[in-house]
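> Using only what follows, build the 3D model:
(2 chains)
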Amino acid sequence: MARNDLQGTLDLLVLKTLSQKGELHGYGIVLHIQRASDTLLFVEEGSLYPALHRMEMSGWIRSEWKATETNRKAKFYRLTPAGQRELQNAEKSFEQLVKGIRAMLRYA
Amino acid sequence: MSIFRRLANTFSRSELHQEIDAEIQSHVEMRIADNIAAGMSPEEARRDALLRFGSRVVMRERMTAADAATAFDAFGRDLRYAARQLRRSPAFTATALVTLILGIGANVVVFSVLNAALLRPLDVPQPAGLCHVVHKQQGYDNQSYPDYLDFKSKNSTFSDMAAYRIESAGLSTKDAAYKCWYYRVSGNFFDMLGVQPAQGRFFHASDEHGPNSAPYIVLSDDFWRAHFDADARIVGTTVDVNKHPFTVIGVAPPAFHGTEVFLWPAFWMPIVNSPSGDTADYLASRFSHNLLILGRLKPGVTAQQATDNLNAIAQELARQNRADDGLDARLTKPGLMGDQLGAPARSFLAGIMLLALLVLLAACANLASLFAACTADRSRELAIRLAIGSSRWNVLRQLLSEAVLLSVLGGALGTIFSTFLLNALTRWQPFPEFPIHVAVSPDPKVYFVALLLSIGSGMLWGLVPMRQVWATDSAQVMKSSGAGTIVFRRFTLRELLLGVQITLCTLLVTASFVALRGMQRSLHAPFGFQPQGVLLAETDLHMGGHSDASTTQMQKRMLEEVTRVPGVSSVGIIDETPLGTGGSGSFVFRVGTTDFRMSTSAFGAKYFSISPGYLTAAGTRLLTGRDFTWHDDARARNVAIVNQTFAQRMFGTTSPIGLRFLVGQGTPYEVVGVVENGKYESLTEAPWAAMFFPLEQSPQSDTSLIVRSPLPPSEIVPELRQVLAQIDPSLPFVFHTWPDALGFVQFPARIATATLGVMGLLAAMLALTGVFGMAMYSVSKRMREFGIRVAVGAQPVQLMRSALSRPLILLLSGSVAGLLLGVIASQLLAQIVYQATPRDPLVLGGVVITMALLGFVATWIPAQRAFGVHPARLLREE
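Just a heads-up that it's a prediction; the model follows:
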């Protein structure tokens, strides 16, 4: 059974973003998801931070205060090995979900 | 790593908040910068950035809610908020606290007594595996000494067995004499219990070498301190017990007071000795059942295995000895004289505990309806909290914290009050002549139960508004002004609760009425004698060192001297007064029986030895035949006076005068008189057969002088004391009026009545507050409606009807249901209370009047308010 709630999807997006970009702050994550999805996906900012906090508490990501390119202070997140594993799981179960939904749509 | 972080977060919640705020701030600033870069005005850019974020507070809540550890913190916050909320509604808080203090306090008191009497193990160093060996039939707990020795030597399931009996005797030194209660115990008693002496030594099994071989006593710490000034030099000296010398060999430690929970004896004596010196018969006879056997199970042996083992031995003994016919064995918990006290105590305490829980349940129902009303009034606040993003679970948790906080507070206060009460009970000595302490101080188990009850009851009534919270539609509530719509929907739940509460309360009120009425009856019950106006002077001639041969002469002289005391109208002697602390029974047989054993007997009968004139002095009616005379002596043929029950069971309807029956090993007795039935052991007993023998034919050293006189005791006691001292100055007498002496048998009924009375009172108060609260609430919620109705011409009576009809209907139906339940439950009460029957017009009437009175009092003030409605003022206020 695929875990297919929205929260899971947001987690997947964030984890994938961090694995691609290495290290990023919250605002950067929002922009990246928007850009990478050709503006199809918008991450609600009110949901992003609780999700980040939860993932940090679960040990999937680590955070650190650093200066941005424009010399602003921001909290940067990076994946941990546990996060790496979680990403693989999430990708797998998302693919199953997509497969399932596609099968449903084709069924007529 | 993350767990440390979580814990760290718990302690630095504000730091966490600051960090979250900083992060959001940096995010918003980056967004603003980008927005400006995209061409927005600074104003627009800021607005857009903030809008995208939504409520920062809600988000922060959501972030920290993810943190499991912050639950502690949330709990603290809930409690602080709850405390503030409770301070804000002092009327509700005070009512709830008083209700809880009473409800939980009552339970703590009852549980403490139950704990001390039934649950706590014996207060000896190694209480594990200790149990009494008694007979299967309830109430027959005593064993004979030879049977004890056989059980002890033949069993394979007990590591050891001891025997003891409790008696009273006069202990005298050269300076003073005391009447004391003491144990006669088998030599291994102290060793089996694992007690070590505080002074000197204890006696052991090796000290026993047959009858009268161990003239030693061990003093209890209490007695040693009270009468020997805790002087260690007492060890090794000699004291007299009933004028026979005994050496004090040791003193028991302060914590040890024998193996009975509520009795503090003066000393312990080896069972092979006795104060009167005649033990040989008693130690050899399988007919004398006077001992309690206390055994310790071997580790790993179950009670069932031990019982089977002992029953096999009992069957073997029954085959070998005629006296052991029908012998069997059962194990029971030690501490309450086998089952003699244990069985009634268990059923009584279980019953009272149930009633106490019912009181608490009624209290919870009361609080639940109050709380539901309060919550309904706060529905606007709750709706707002839901609307601004609080989860329903949070709101519910908040309400539950209020309930639990109150309950724990009420429970703590209730426990404190109960502890005072219990400590007072522990110091109390209910009977001056008995060393009985009701040692019921609470222990950790009691505190634990109190906490459990507090939290449990808090949950019970705190969860009632759950549906309310779940069903709250915030938009709906805020649109309508106030709580109107919610209240009426909630009304049915509250009504149900109130109905339950009134039912429970009526049940308790019925129970206490039944008990009160039973008590009143037991005070005026036909005892078979007239205690009013009688003074008792009690002694044991053995205490004066008199031998059995001379006792009757002594008693005759006493009667002669006392008759001459001015103001004495009649006097007689009986060995043990009926309804006293002693009393003996024996099997009787029909003429023609040749084999005398339990199974061939006609029935068992109580027997007493009385002097001529006893029946007149005691006020026992002689129905036919004659009283004894001094000519019914050892040279004359054996005669007896029997009671009605005896005559009926032995002889049927034929006149018994001149007929015979057999006692013991076939000694024939001729009936010369029949007296009225009476009570002999307890007020609640079924009618016993009883027989009376003349003192000269069956001499007894126990002597109770029955002195009937119209003078008050204070005038006649000094005279009596003087006269009796002239006969034998060394004989200790106990003087008391017969009604006072009956205090002992009436004690259970008195305690039961007092307890049930208090429970009934509590219940009545709860019913009162419940009905009052509901009536008051319904009136206050509808004041505006009433104002309008008065303005359009409604009569006050109409308003009253609509305001008070529901509480009154509830009161009525709840009362009827409670009364019916009470009638059913009273069967249980009959166990403790004399002639407990609810089918008594006085009881039924009393309950109905009480509930009606409660209804009247509870609705009086609300009715006054409804009457006093002033439409103009009311409408202005709204």
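
> So what's the gap between stretch B:287-303 and the chain middle?
How far stretch B:287-303 lies from its chain's middle: 26 Å, per C-alpha atoms, centre = their mean, to the nearest Å.

> Let me know the secondary structure of B:Val674.
Here B:Val674 takes the strand state, with states given by DSSP: H, G, I helix; E, B strand; the rest coil.

> can you count the residues close to it?
21 (other C-beta atoms under 10 Å in any protein chain shown). C-beta: built from backbone N, CA, C; applies to glycine.

> so what's it scoring on pLDDT?
Per-residue pLDDT puts B:Val674 at 93.

> That one contacts B:Leu623, correct?
Yes. Distance between B:Val674 and B:Leu623: 4.8 Å, which falls inside the contact criterion (C-beta atoms under 8 Å).

> Wait, B:Pro578 touches B:Phe608, no?
Yes. Judged on C-beta under 8 Å, B:Pro578 makes contact with B:Phe608 at a distance of 7.2 Å.

> Now do the shared contacts for B:Val674 and B:Leu623.
B:Gln644 (C-beta atoms under 8 Å, 6 or more residues apart in numbering or on different chains).

> Show me what the helix or strand where B:Asn394 lies is packed up against.
Using DSSP states H and E, the element containing B:Asn394 is helix B:392-427. Under the contact definition 3 or more C-beta pairs under 8 Å, 6 or more residues apart in numbering or on different chains; DSSP states H and E, helix B:392-427 sits against helix B:70-88, helix B:90-114, helix B:339-377, helix B:379-387, helix B:444-462, helix B:466-471.

> cutoff 6 Å now
helix B:70-88, helix B:90-114, helix B:444-462, helix B:466-471 (3 or more C-beta pairs under 6 Å, 6 or more residues apart in numbering or on different chains; DSSP states H and E).

> Out of the ones you listed, indicate the one that is most buried.
Ranked by mean neighbour count, the helices and strands packed on helix B:392-427 are led by helix B:90-114 with a mean of 22 (mean count of other C-beta atoms under 10 Å in any protein chain shown).

> For the helix or strand just after that helix, list the C-alpha coordinates in CSV.
On the C-terminal side of helix B:90-114, the closest following helix or strand by DSSP H and E is strand B:130-134. What follows is strand B:130-134 as a C-alpha-only set of coordinates in CSV (Å, rounded to 0.1, in the frame of the first residue of the first chain):
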residue,chain,number,x,y,z
LEU,B,130,-0.7,-17.1,57.1
CYS,B,131,-4.3,-18.3,57.4
HIS,B,132,-6.8,-19.7,59.9
VAL,B,133,-8.0,-23.3,59.8
VAL,B,134,-11.7,-23.2,60.5
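
> Find the residue closest to B:Lys154 in space, skipping its chain neighbours.
With C-beta to C-beta, 6 or more residues apart in numbering or on different chains as the criterion, B:Lys154 has its nearest non-adjacent residue at 4.8 Å, and that residue is B:Ile313.

> Report the angle between the helix or strand harbouring that neighbour and strand B:130-134.
Applying DSSP H and E as the criterion places B:Ile313 in helix B:303-320. Interaxial angle, helix B:303-320 versus strand B:130-134 (axes from the mean of the first three to the mean of the last three C-alpha atoms, to 10 degrees): 30 degrees.

> Confirm A:Tyr49 sits in a strand?
No. A:Tyr49: not assigned to a strand; according to three-state DSSP it is helix.

> how about it, what does it touch?
B:Met63 (C-beta atoms under 6 Å, 6 or more residues apart in numbering or on different chains).

> which residue does the stretch 651-800 of chain B bring closest to chain A?
B:Lys781 (40.4 Å; C-beta to the nearest C-beta).

> How confident was the prediction at that residue?
Value listed for B:Lys781 in the pLDDT field: 72.

> what's the spacing between the residue nearest to B:Lys154 and B:His135?
13 Å (C-beta to C-beta, to the nearest Å).

> you'd agree B:Leu812 is in a helix?
Yes. Applying three-state DSSP, one finds B:Leu812 inside a helix.

> and the gap between the nearest residue to it once chain neighbours are set aside and chain A?
Of all residues not flanking B:Leu812 in the chain, B:Gly855 sits nearest, at 8.0 Å (C-beta to C-beta, 6+ apart). Here B:Gly855 is placed at a distance of 56 Å from chain A (C-beta to the nearest C-beta, to the nearest Å).

> Tell me the secondary structure at B:Gly855.
helix.

> Over to A:Asn71?
Assignment for A:Asn71 (three-state DSSP): coil.

> Torsion angles phi and psi at it?
Phi and psi for A:Asn71, reported as degrees, to the nearest 10, are phi 60, psi 40.

> what's the neighbour count on it?
Neighbours of A:Asn71 (other C-beta under 10 Å): 6.
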